[in-house]
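S.K.: I'll drop the sequence and a predicted model, then ask my questions.
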Amino acid sequence: MTSTGALVARELVRSGHLVRSMRLAPYVTSVAAVAAYLVARLGDTRDAVGDLRVLALLLALGCGYALDDSAAATLQASPYGLARRLGLRIGCAAALVVPVWAAVLAIYLPSAPAADRWSLGLGLTTEPAAAVAVLWAVAAWARRQGFDEPGIITTPVLLASLLLAASIPRLPMLVGPGREWTPAHLRWSGIAVAATCALVAAMRDPAARLGSWGPIFRRTKS
Amino acid sequence: MSTAILIGREARRLVRHPVLWLVPVVVAVTASADGASGGRNADYWYGTIFTAVAFFGPILVLFAANLVASGARRSRAEEMLQVTPTSDTRRTWAMTLGIALPPAGVGAVAAVAMAIISGLDGFPAKDLMSAGELAELPLVLAGAGLLGVLAARWLPFPGGVLITFVLGTLGGLVAFRHIPGGAWWMWWTTGMEFEGWTPGPGRAWLHVAYLTGLCACAAIAAVYRSQSRRLVLVGGPVLAATLVLGGFQVP
């Protein structure tokens, strides 16, 4: 990031404007739901994998609204590019959610066998990371199409993705520790990488598209 | 403007909402697609009415109520309404009552219909629901409407009701199963088992009182959304009473 960009970002964070411009209600609701679930489980960590997946779903639900911006139309003319604006929002969302997820892992992982803790923690972190990357990619592409508040689309996308992940017997995704664990999480990692690439592509400034591709097409035409 | 007129107006908005009219469509489609291997006898219609009121009804009432309650925000009319002589509190009370009463009325009619059907000859006693269990049905529907209003007031953005729906479903299917007597603590009827989960022993009429308390809590939270002092002073005792009733309903 250039020094000007860094200065703008620092000022947005310092002044609190970044946080005020975020839609915080979904995060607060998600974190409250996580807390309520933990209380309801009353410290029972026998089904760590199942519980962690439910908690990941709750946190992902709130993350889908990170790119909602009711002032998007006004900011389209801003010299602070789309990628930086969306990147700041994603960074802010991650800063809100990652500590909660780390705390949840700290509650559940100690009950797992010591040899499996890294594998479980990494695998069960890859799953929500991939899911959230897909949600943000969908939201970013919706923003490019003119939907300033694409969060409403991310909830059905999340549920549909969950159903899809659970319903392909030849490519099991929601598996427990065992033989299928590593192949399933390699698939999750692939989804995370593909979604991140789609997100990066969606964050490119629409006005920059013609400038970068134009000469290639002109050469092709002539 | 009289509050009764406002209540009537909100009730008409809800009853005319196209999302609400999906309920009979969904019930008709599922009933016609159902093989009904035992025949379309009294037991079949008893179960069909119960499924319509306790399963499809609350889902669609939730969304319809949220759309009615958020109509002013979505059409950007809130600023104009703020300068009318009718206060936001009074308008919201009218909205909560207007949205809760029609589904409660439909639930009451359904409960009466189920009671009549169960009195027919040959009705299997094992499927019979008690009077207390039937009395829960209007409150389940009214509560779904109030939950929609609550979501519109506390989550005033596109998708707020979706989050509410997903959390409510997850809570019902996952979290409450791990609590002893969890089915009795849900915003749910305790008349039948669901997904292999039997509610367990409890006191149905106290569950009716508990559901009434939950409805009151939702209404108070929706009305006093921006008045934190009244929310605490009025809502606190109501919530406490509701929790006490919830505790007594499970032996």
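M.R.: Here it is on my side, so go on. Numbering: from 1, shown residues only, chains lettered A, B, ... in the order given.

S.K.: alpha carbons only: can I get the host helix or strand of B:Phe50 in PDB?
M.R.: Using DSSP states H and E, the element containing B:Phe50 is helix B:42-51. Listed next in PDB are the C-alpha coordinates belonging to helix B:42-51 (Å, rounded to 0.1, in the frame of the first residue of the first chain):
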ATOM      1  CA  ALA B  42     -59.600 -37.500  10.500                       C
ATOM      2  CA  ASP B  43     -56.100 -38.300  11.700                       C
ATOM      3  CA  TYR B  44     -54.600 -37.200   8.400                       C
ATOM      4  CA  TRP B  45     -56.400 -33.800   8.500                       C
ATOM      5  CA  TYR B  46     -55.600 -33.400  12.200                       C
ATOM      6  CA  GLY B  47     -51.800 -33.700  11.400                       C
ATOM      7  CA  THR B  48     -52.100 -31.600   8.300                       C
ATOM      8  CA  ILE B  49     -53.700 -28.700  10.200                       C
ATOM      9  CA  PHE B  50     -51.100 -29.000  12.900                       C
ATOM     10  CA  THR B  51     -48.200 -29.000  10.400                       C
END
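
S.K.: from the chain's centroid, how far away is it?
M.R.: Centroid separation for helix B:42-51 versus its chain: 19 Å, with CA atoms, centre = their mean, to the nearest Å.

S.K.: same for that helix, what does it pack against?
M.R.: Helix B:42-51 sits against helix B:22-33, helix B:88-118, with contacts defined as 3 or more CB pairs under 8 Å, 6 or more residues apart in numbering or on different chains; DSSP states H and E. The way it works is simple: take the backbone N, C-alpha and C, and place the C-beta from them, glycine included.

S.K.: A:Val39: how many residues sit nearby?
M.R.: 11 (other CB atoms under 10 Å in any protein chain shown).

S.K.: stretch A:18-26 close to chain B?
M.R.: Yes: Stretch A:18-26 reaches chain B (CB under 8 Å from any CB of the partner chain) through A:23, A:25-26.

S.K.: list the contacts of that stretch.
M.R.: With CB atoms under 8 Å, 6 or more residues apart in numbering or on different chains as the test, stretch A:18-26 has contacts from A:12-13, A:61-66, A:68-69, A:71, A:88-89, A:92-93, A:151, B:154-155, B:157, B:159-160, B:163.

S.K.: ok, and the closest non-adjacent residue to the residue of the stretch 51-200 of chain B found nearest chain A?
M.R.: Nearest residue of the stretch 51-200 of chain B to chain A, counting by CB to the nearest CB: B:Gly159, 3.5 Å away. Sequence neighbours aside, A:Ile152 is the residue nearest to B:Gly159 in space, at 3.5 Å (criterion: CB to CB, 6 or more residues apart in numbering or on different chains).

S.K.: the one you found against B:Val161, yeah?
M.R.: No: the pair A:Ile152 / B:Val161 is not scored as a contact, 9.3 Å apart, by CB atoms under 8 Å.

S.K.: more neighbours: which of these two?
M.R.: B:Val161 (24 against 20).

S.K.: the one helix or strand that one maps to: which residues count as buried?
M.R.: For B:Val161, the host element (DSSP H and E) is helix B:160-170. Neighbour counts using 16 or more other CB atoms under 10 Å in any protein chain shown place B:160-168, B:170 of helix B:160-170 among the buried residues.

S.K.: would you point out the most distant pair within those?
M.R.: B:Gly160 and B:Leu170 (15.9 Å; CB to CB).

S.K.: about what we covered before: would you mind putting the CA coordinates of the helix or strand following the helix holding B:Val161 into CSV?
M.R.: Downstream of helix B:160-170, the first helix or strand assigned by DSSP H and E is helix B:182-185. Taking Å, rounded to 0.1, in the frame of the first residue of the first chain, the C-alpha atoms of helix B:182-185 are listed here in CSV:
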residue,chain,number,x,y,z
GLY,B,182,-35.0,-28.0,26.0
ALA,B,183,-38.2,-28.5,24.0
TRP,B,184,-40.1,-26.7,26.8
TRP,B,185,-37.8,-23.7,26.6
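
S.K.: report all helices and strands that helix B:182-185 contacts.
M.R.: helix B:228-249.

S.K.: close to chain B: what parts of chain A are there?
M.R.: Residues of chain A lying near chain B (CB under 8 Å from any CB): A:23, A:25-26, A:29-30, A:33, A:36-37, A:40-42, A:44, A:54, A:57-58, A:61-62, A:64-65, A:68, A:149, A:151-152, A:154-156, A:159.

S.K.: mind redoing it with 7 Å?
M.R.: Neighbours of chain B within chain A, by CB under 7 Å from any CB of the partner chain: A:23, A:25-26, A:29, A:33, A:36-37, A:40-41, A:44, A:54, A:61, A:65, A:68, A:149, A:151-152, A:155, A:159.

S.K.: look up how far B:Phe176 lies from B:Val250.
M.R.: According to CB to CB, to the nearest Å, B:Val250 stands 12 Å off from B:Phe176.

S.K.: list the contacts of B:Trp188.
M.R.: By CB atoms under 7 Å, 6 or more residues apart in numbering or on different chains, B:Trp188 lies in contact with B:140, B:172.

S.K.: need the pLDDT of it.
M.R.: Note for B:Trp188: predicted pLDDT of 78.

S.K.: wait, a helix at it?
M.R.: No: according to DSSP: H, G, I helix; E, B strand; the rest coil, B:Trp188 belongs to no helix; its state is coil.

S.K.: middle-most residue in chain A, spatially?
M.R.: Centrality entry for chain A: nearest residue to the mean C-alpha point is A:Val132, 2.6 Å, by CA atoms, centre = their mean.

S.K.: what residues are up against that one?
M.R.: Counting by CB under 7 Å, 6+ apart, the residues that A:Val132 touches are A:60, A:63.

S.K.: ditto for A:Leu59
M.R.: A:30, A:34, A:97, A:100-101, A:128.

S.K.: where in chain A is pLDDT low?
M.R.: Residue ranges of chain A with pLDDT under 70: A:1-2, A:208-222.

S.K.: returning to what we had before: residues of whichever helix or strand the residue nearest to the centre of chain A is part of that come out buried?
M.R.: Assigned by DSSP H and E, A:Val132 belongs to helix A:117-144. For helix A:117-144, a neighbour-count test (16+ other CB under 10 Å) marks A:117, A:120-121, A:123-143 as buried.

S.K.: over to stretch B:173-186?
M.R.: In stretch B:173-186, counting by 16+ other CB under 10 Å, buried: B:174-176, B:179, B:181-186.

S.K.: what's the closest of these to B:Ala54?
M.R.: B:Met186 (11.7 Å).

S.K.: tell me the confidence at the residue lying closest to the closest one once chain neighbours are set aside?
M.R.: Nearest residue to B:Met186, sequence neighbours excluded (CB to CB, 6+ apart): B:Phe176, at 5.1 Å. pLDDT, B:Phe176: 77.

S.K.: ok, now how distant is B:Phe176 from B:Tyr224?
M.R.: Counting by CB to CB - B:Phe176 and B:Tyr224 are separated by 27 Å.

S.K.: and A:Gly178, that's in a helix?
M.R.: No: using three-state DSSP, the assignment for A:Gly178 is coil, not a helix.

S.K.: got phi/psi on it?
M.R.: Here is the backbone geometry of A:Gly178 (degrees, to the nearest 10): phi 160, psi -150.

S.K.: quick one: it from A:Ala48, how far?
M.R.: Distance, A:Gly178 to A:Ala48, using CB to CB: 14 Å.

S.K.: okay then, goodbye and thanks.
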